[in-house]
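**Q** Could you look at this predicted model? Sequence included:
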Amino acid sequence: MSFSEKSQPMSAGEPARALWVSTIAFTLCFAVWTIFAIIGIRIKQELGLSEAQFGLLVGIPVLSGSLARVLLGVWTGRYGGRLVYTLTMLGAAIATFLLSYAHTYAQMLIAGLGVGLAGGSFAVGVAYVSPFFPPEKQGTALGIFGAGNVGAAVTKFAAPFVLVAWGWQAVAEIWAAVLAVMAIVYWFTTSDDPAFRARRGTSSAPMSLRQEFTPLKNVQVWRFSLYYFFAFGGFVALSLWLPRYLVGVYGFNLEVAGMVAAAYSIPGSLFRIFGGVLSDRKGARGVMYAMFGVSAVATLILSLPPAGSDQALGITPAVFIIVIFVLGFFMALGKAAVYKHIPAYYPDSIGAVGGIVGMMGGLGGFVLPIAFGLLKDMTGLWSSCFMLLFAIVAISLAWMHLSVRQIDRRAPSARTAAAV
């Protein structure tokens, strides 16, 4: 079904309002989703948690939010993004508020599962925003929406001041209150997306769950998932790992290492908008090739030992920071390019497919930091994390190139500038 066939008449400002209100909502959701990155440090001190317990506490919202994306994406197709997004924010707000009343580690883990709903909102937003825009503008629109990842930096900068002044419980309560207010604002300032209105206006029954997930039989969906596992999951993992890496390898103090990590996170989120624009204008295929090509070179360079070791080659701190920022920039472009494919290939299953791809990206942010630590323990090499990322990039690039060649041989007339 084409965009024009499934769309309903819209007012002039409706698409822009849906996009910007959804982006603000996602920014606040992402700020809530990463709340344990700050308050978890104080909780660890109060409860005397081990490093493993602390890691699980920080990672549990990432895990639950990633898994929730699949179900939330399907519900968006059935009940509309406006309703599902509002209820998702309210659910996450309630869990975050209740977190302030948790006293035991088990209670905090349970609350963390609910906090993870905030991260699941990404799948809802993608399925809600896409139908407001024609295919040639969906890359830009989803790039703008995805820039809400910058909410992680909001928490990193603002939460410490609130924590010092009033305690970590106040951070949870204030973040919960802001998200609840946003849910109310969202309900009263947005309208149902045109695709949902078209489905509601027909007498046909909604697709069954089996039909919703039929596209998942296509290996292409899992190929896109691998791309996002690297582009988003790798980006999140590096944001979490960089402070430890800079302290352990180059002897940075924690404050400077934290600022470098924050500086890495913010542009990496905002450049996602540019990636969406490029995907619309130049084609997502070209953007993906650029991301994997540059990422392969960057991760190969970063796999070299640090300067000052006994090796013939070494990476100085200045070179490391320059290369890691280049890597982050191209990962941001790739995040937008991956999601440009989904409405182009699966216009009737954006929620289910977008949910699966988003889930795999989120799982990358959960699994990769653990893998980085295990590799460091096993090999003794700090740069082993970049060796792993290089392997993922090489596999992704080879798989994409082989798939492109097969598509070009089978259906040259079906090529589009927006899809691989």
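**A** That came through fine.
**Q** Only C-alpha atoms from now on, for both contacts and neighbour counts.
**A** Noted.
**Q** element containing residue 223, please.
**A** Following DSSP states H and E, one finds residue 223 within helix 219-228.
**Q** Please export the C-alpha coordinates of that helix as PDB.
**A** The C-alpha trace of helix 219-228 is given here as PDB (Å, rounded to 0.1, in the frame of the first residue of the first chain):
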ATOM      1  CA  VAL A 219      16.400 -12.500   6.300                       C
ATOM      2  CA  GLN A 220      16.600  -8.900   5.200                       C
ATOM      3  CA  VAL A 221      15.000  -7.800   8.500                       C
ATOM      4  CA  TRP A 222      17.800  -9.500  10.400                       C
ATOM      5  CA  ARG A 223      20.400  -8.000   8.200                       C
ATOM      6  CA  PHE A 224      19.000  -4.500   9.000                       C
ATOM      7  CA  SER A 225      19.000  -5.600  12.700                       C
ATOM      8  CA  LEU A 226      22.700  -6.400  12.500                       C
ATOM      9  CA  TYR A 227      23.300  -2.900  11.000                       C
ATOM     10  CA  TYR A 228      21.500  -1.300  13.900                       C
END
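**Q** Quick one: residues in contact with that helix.
**A** With contact meaning C-alpha atoms under 8 Å, 6 or more residues apart in numbering, helix 219-228 is reached by 215-216, 334-335, 338, 353, 356-358, 360-361, 396, 399-400.
**Q** give me the low-pLDDT residue ranges for the stretch 1-150 of the chain?
**A** 1-12, 51 (pLDDT under 70).
**Q** list the buried ones in the helix holding residue 223?
**A** Neighbour-count burial for helix 219-228 flags 221-228 (criterion: 16 or more other C-alpha atoms under 10 Å).
**Q** quick one, the very next helix or strand once past it and helix 219-228 angle?
**A** Next in sequence after helix 219-228, counting helices and strands by DSSP H and E, comes helix 235-250. Helix 235-250 runs at 30 degrees relative to helix 219-228, counting by axes from the mean of the first three to the mean of the last three C-alpha atoms, to 10 degrees.
**Q** start the count at 25, not 1, going forward
**A** Understood, numbering begins at 25; the last thing we discussed is helix 259-274.
**Q** List the buried residues of the helix or strand following helix 259-274.
**A** Using DSSP H and E, the helix or strand that follows helix 259-274 towards the C-terminus is helix 278-306. Residues of helix 278-306 classed as buried by neighbour count (16+ other C-alpha under 10 Å): 281-282, 284-286, 288-304.
**Q** got the contacts of helix 243-252 as TSV, with secondary structure, distance to residue 71 and neighbour count columns?
**A** Compiled in TSV, the contacts of helix 243-252 are given as follows (DSSP: H, G, I helix; E, B strand; the rest coil; distance: C-alpha to C-alpha, whole Å; neighbours: other C-alpha atoms under 10 Å):
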residue	secondary structure	distance to residue 71	neighbour count
239	helix	45	17
240	helix	43	15
358	helix	40	30
359	helix	37	33
362	helix	41	28
377	helix	40	31
380	helix	35	26
381	helix	36	28
382	helix	33	31
384	helix	32	26
385	helix	31	27
420	helix	42	18
423	helix	46	14
424	helix	47	21
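**Q** Closest one to residue 347 out of these, please.
**A** Residue 347 has its nearest neighbour among those in residue 358, at 16.6 Å by C-alpha to C-alpha.
**Q** starting at the chain centroid, how far to the helix holding residue 247?
**A** 15 Å (C-alpha atoms, centre = their mean, to the nearest Å).
**Q** Could you do stretch 98-115 as well?
**A** Between the centre of stretch 98-115 and the centre of its chain there are 18 Å (C-alpha atoms, centre = their mean).
**Q** residues in contact with residue 55?
**A** Contacts of residue 55 (C-alpha under 8 Å, 6+ apart): 174-179.
**Q** try it again with 10 Å
**A** 49, 142-143, 172-180, 182-183, 199, 203 (C-alpha atoms under 10 Å, 6 or more residues apart in numbering).
**Q** Same check on residue 259?
**A** So residue 259 contacts 252-253, 265, 288-289, 292-293, 351-353, 355-356, 359, 385, 388-389, 392 (C-alpha under 10 Å, 6+ apart).
**Q** that older thread, got a winner among the contacts of residue 55 for most neighbours?
**A** Ranked by the number of neighbours (other C-alpha atoms under 10 Å), these place residue 142 first, at 36 neighbours.
**Q** Roughly how far does that residue sit from residue 213?
**A** Note on residue 142: its distance to residue 213, by C-alpha to C-alpha, to the nearest Å, is 20 Å.
**Q** Please, where are all the helices along the stretch 125-274 of the chain?
**A** Counting by DSSP state H, counting those that start in this stretch, the segments of the stretch 125-274 of the chain that form helices are 129-139, 141-153, 159-170, 175-190, 192-213, 218-224, 233-236, 243-252, 259-274.
**Q** hey, which of these is tucked in deepest?
**A** Across those, averaging neighbours per residue (mean count of other C-alpha atoms under 10 Å) puts helix 141-153 on top, at a mean of 31.
**Q** Restrict that one to CA atoms and write it as PDB.
**A** Output in PDB follows, covering the C-alpha atoms of helix 141-153 (Å, rounded to 0.1, in the frame of the first residue of the first chain):
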ATOM      1  CA  LEU A 141       9.400   1.300  29.100                       C
ATOM      2  CA  ALA A 142      10.800   4.800  28.400                       C
ATOM      3  CA  GLY A 143      13.300   3.200  26.000                       C
ATOM      4  CA  GLY A 144      10.600   1.200  24.300                       C
ATOM      5  CA  SER A 145       9.000   4.500  23.100                       C
ATOM      6  CA  PHE A 146      11.400   4.600  20.200                       C
ATOM      7  CA  ALA A 147       9.500   1.900  18.300                       C
ATOM      8  CA  VAL A 148       6.200   3.700  19.000                       C
ATOM      9  CA  GLY A 149       7.500   7.000  17.700                       C
ATOM     10  CA  VAL A 150       8.900   5.500  14.500                       C
ATOM     11  CA  ALA A 151       5.600   3.800  13.600                       C
ATOM     12  CA  TYR A 152       3.700   7.000  14.600                       C
ATOM     13  CA  VAL A 153       5.800   9.600  12.800                       C
END
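**Q** who does that helix touch, helix- and strand-wise?
**A** Packed against helix 141-153 by the contact rule (3 or more C-alpha pairs under 10 Å, 6 or more residues apart in numbering; DSSP states H and E) you find helix 38-57, helix 75-103, helix 105-123, helix 159-170, helix 218-224, helix 341-369, helix 374-403.
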